[in-house]
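In: Whatever this is, show me its structure:
(chains A and B)
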Amino acid sequence: MVEIQRGFRCKIDDHFNSASEITVAISVSGRSEYDSCCFGVDSADILSDDSYMVFFNQTASPNREIVLSGSGANTSYSANLSKLPGKIQKLVFTVSIDGDGVMSQISQFRVKLSQGGKSIALNLDGSNFQNEKAIIAIELYKKDVWRLNAVASGFNGGLSELLKHYGGTEAAPPPPNKPASQTKVELRKGQKVNLSKSAVSGEILINLNWTQGMEKKGFFGGTKTQSIDLDLGAFVELTDGTKHVVQALGNSFGSLQSAPYVALDGDDRSGSSSGGENIRVNGRQFSNIRRMLVYTFIYEGAANWSQANGVVTVKYPGGDELAVRLDEYSASQKMCAIAEIANVSGTISVEKLIRFFNSHPEMDKAFGWGFKWVSGSKD
Amino acid sequence: MAINLSKGQKIDLTKTNPGLNKILVGLGWDVNKYDGGAQFDLDAAAFLLGENGKAVSDADFVFYNNKEHASGAVIYGGDNRTGEGEGDDETLKVDLSKIPASVAKVDFTVTIDQAEERNQNFGQVDHAYIRVVNDGDGTELLRYDLGEDYSTEKSVVVAQLYRNGAEWKFSAVGSGFTGGLAALCANYGLNA
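Out: Below you'll find the predicted structure:
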């Protein structure tokens, strides 16, 4: 264990192997609520790609180079510096105060970097700070080689001031969880919506609608785009412990009247069907469902989410509608976990996920489902 | 075209620039990036040293409280308290022709004011450099960027001008000290 001071700098390879995973654990104790965030900025110190902002609403970067675990005052990141894309030149690890309080009131602030049996720790307390509401705990940055700077300095203006420093802006406040009926709610990533028990009666409809070839065509109809086949699917776990896969691949379309009480209505192979693909959940049997993972994947064609113009909506009795637009994402993986629907003591909880994976087994592992996977193809 | 030096490099100053006497030594840094916490106040200084690397008296230490050496050879350009603005943060004017014969070398240093009280160090400073400009025509002759090598040091000996026969040479020293200004003075044989 190497104890370091604020301002300490070193080359990562002086202590660790920068080509392997490094764990950055940040813990704060004090009277406020604390949030941690890690974001990757470019050589101009600008947060030019907000998919490299890893925080409670987005717990991993696109290729899982940075993965967050824990929450609030005790967070831990695993960072694979060598796997980051070249545009990401610096990882900034921050702590911010949510609500009242300033950093001089904290009783302990600790950042520990570790790899294998080696570790470096920065221990500070409130006497090291003044009226900051957001601080940069450490930076891992690349200047010829990857380096550490124990910054431990920050902004009185809080997280929004910190983000402004890196050319980013804080998202507008989220919409309220219970808007007037018949409105479309775009969930923030990680945001959960709980539906009242009364809502669980009719059916929950999960719709994937997509079109392709929205790209501008040449005068003579040139620039033929490769066709894409986007599929909708769900993992379903029932309260009896059985687990089911509902998707067109493998012809497991499910059933509404018998287990898993979830069914896929068809397979739109080209994006031409105006209604798209629908997964229905039998609301009257919802008590038999423990949880569902809704996902979409590109069965054929390149992983070009922006071209497929996919929109997944989740509709349920009561009129609210959750929408997730997939064309906002530029992931290179072919599979996207959209939302988790859980039965929380009888009420439906819907959480937007948006995490990209290369395959069913990879996604399965990430969410702890435990299916056995064999490769398959459509007829 | 200015010559960029790297740490430890030594280079002829007057030999390659015949007739050069009046130079401006400019030092710059980026601090106070964050709006919270204490302000950073970095100070440049010059120590006029004998062959043994020691100053004879306090008068040979030119800094914000002793702005001009008795010989008129080194003049402190003024105290910048915040490091704000583009270009040099602090400057010292040196007239090589006026440097007393007893002075064999002149060290240029940067220290952090109240570093102990504010718990500050050079790891929190970015883009520090020193440059030597021909004060006659404003041409930049040498530049040394200090880079990423500083951590918890509280003072840095940035560079040294030293006699080599009848000529002056410039050395990009870049040595950090964990002590502050007082420790630096002690190093030069002064009781600050």
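
In: Okay, the nearest residue to B:Phe47 once chain neighbours are set aside and A:Glu203: tell me how far apart.
Out: Leaving aside its sequence neighbours, B:Phe47 sits nearest to B:Asp107 (C-beta to C-beta, 6 or more residues apart in numbering or on different chains; 4.6 Å). For every residue, glycine as well, the C-beta is placed using N, CA and C. Noted for B:Asp107: a distance of 81 Å to A:Glu203, by C-beta to C-beta, to the nearest Å.

In: between these two, which one's more packed in?
Out: B:Asp107 (24 against 19; other C-beta atoms under 10 Å in any protein chain shown).

In: and the more buried one, what does it touch?
Out: B:Ala46, B:Phe47, B:Leu49, B:Val157, B:Ala159, B:Gln160, B:Val173, B:Tyr188 (C-beta atoms under 8 Å, 6 or more residues apart in numbering or on different chains).

In: May I see those organised as JSON lines, with neighbour count, secondary structure and pLDDT added?
Out: Output for the contacts of B:Asp107, formatted as JSON lines (neighbours: other C-beta atoms under 10 Å in any protein chain shown; DSSP: H, G, I helix; E, B strand; the rest coil; pLDDT from 0 to 100):
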{"residue": "B:Ala46", "neighbour count": "23", "secondary structure": "strand", "pLDDT": "97"}
{"residue": "B:Phe47", "neighbour count": "26", "secondary structure": "strand", "pLDDT": "97"}
{"residue": "B:Leu49", "neighbour count": "22", "secondary structure": "strand", "pLDDT": "97"}
{"residue": "B:Val157", "neighbour count": "19", "secondary structure": "strand", "pLDDT": "95"}
{"residue": "B:Ala159", "neighbour count": "23", "secondary structure": "strand", "pLDDT": "96"}
{"residue": "B:Gln160", "neighbour count": "20", "secondary structure": "strand", "pLDDT": "97"}
{"residue": "B:Val173", "neighbour count": "20", "secondary structure": "coil", "pLDDT": "95"}
{"residue": "B:Tyr188", "neighbour count": "19", "secondary structure": "coil", "pLDDT": "94"}
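
In: about what we covered before: just the element for the residue nearest to B:Phe47, please.
Out: strand B:105-112 (DSSP states H and E).

In: ok, then the element right after that strand?
Out: Criterion used, DSSP H and E; the element after strand B:105-112 is helix B:115-118.

In: Which helix or which strand is home to the residue of chain B most remote from its centre?
Out: Taking C-alpha atoms, centre = their mean, the residue of chain B most remote from its mean C-alpha position is B:Gly36, at 28.1 Å. Assessed by DSSP H and E, B:Gly36 sits outside every helix and strand.

In: Give me the three-state assignment for the closest residue to it other than its chain neighbours.
Out: Take B:Gly36 and drop its neighbours on the chain: the residue closest to it by C-beta to C-beta, 6+ apart is A:Glu132, 3.4 Å away. At A:Glu132 the chain is in coil, as set by DSSP: H, G, I helix; E, B strand; the rest coil.

In: dump the residue contacts of A:Glu132.
Out: Counted by C-beta under 8 Å, 6+ apart, A:Glu132 has contacts A:Val102, A:Met103, A:Ser104, A:Ser153, A:Gly154, A:Phe155, A:Asn156, B:Tyr34, B:Gly36, B:Gly37.

In: Next, count neighbours for the first one.
Out: This points to A:Val102. Neighbours of A:Val102 (other C-beta under 10 Å): 18.

In: what's the answer for the fourth one, then?
Out: Using other C-beta under 10 Å, A:Ser153 has 24 neighbouring residues.

In: now do B:Ala104
Out: Neighbours around B:Ala104, by other C-beta under 10 Å: 16.

In: And for A:Ser160?
Out: A:Ser160, neighbours per other C-beta under 10 Å, totals 15.

In: Get me the contact residues on chain B for chain A.
Out: Within chain B, the residues that sit near chain A (C-beta under 8 Å from any C-beta of the partner chain) are B:33-38, B:119-124, B:147-152.

In: and residue 10, bridged to which residues?
Out: Picking chain A for this. Beta bridges link A:Cys10 to A:Leu148 when assigned by DSSP bridges.

In: switch to chain B, that's the one I care about
Out: In beta-bridge terms (that is, DSSP bridges), B:Lys10 pairs with B:Ser171.

In: That one against B:Trp168, yeah?
Out: No - using C-beta atoms under 8 Å, B:Lys10 makes no contact with B:Trp168, being 11.3 Å away.

In: When these two are compared, which one has more neighbours?
Out: B:Trp168 (22 against 14).

In: Can you pull the phi/psi pair for that one?
Out: Here is the backbone geometry of B:Trp168 (degrees, to the nearest 10): phi -110, psi 140.

In: per-residue confidence at it?
Out: On pLDDT, B:Trp168 comes in at 97.

In: can I assume it is in contact with B:Thr14?
Out: Yes - the pair formed by B:Trp168 and B:Thr14 meets the contact definition of C-beta under 8 Å, at 4.7 Å.

In: Nearest to the middle of chain A, which residue? Look it up for me.
Out: Centre-most residue of chain A, counting by C-alpha atoms, centre = their mean: A:Gln58, 3.6 Å.
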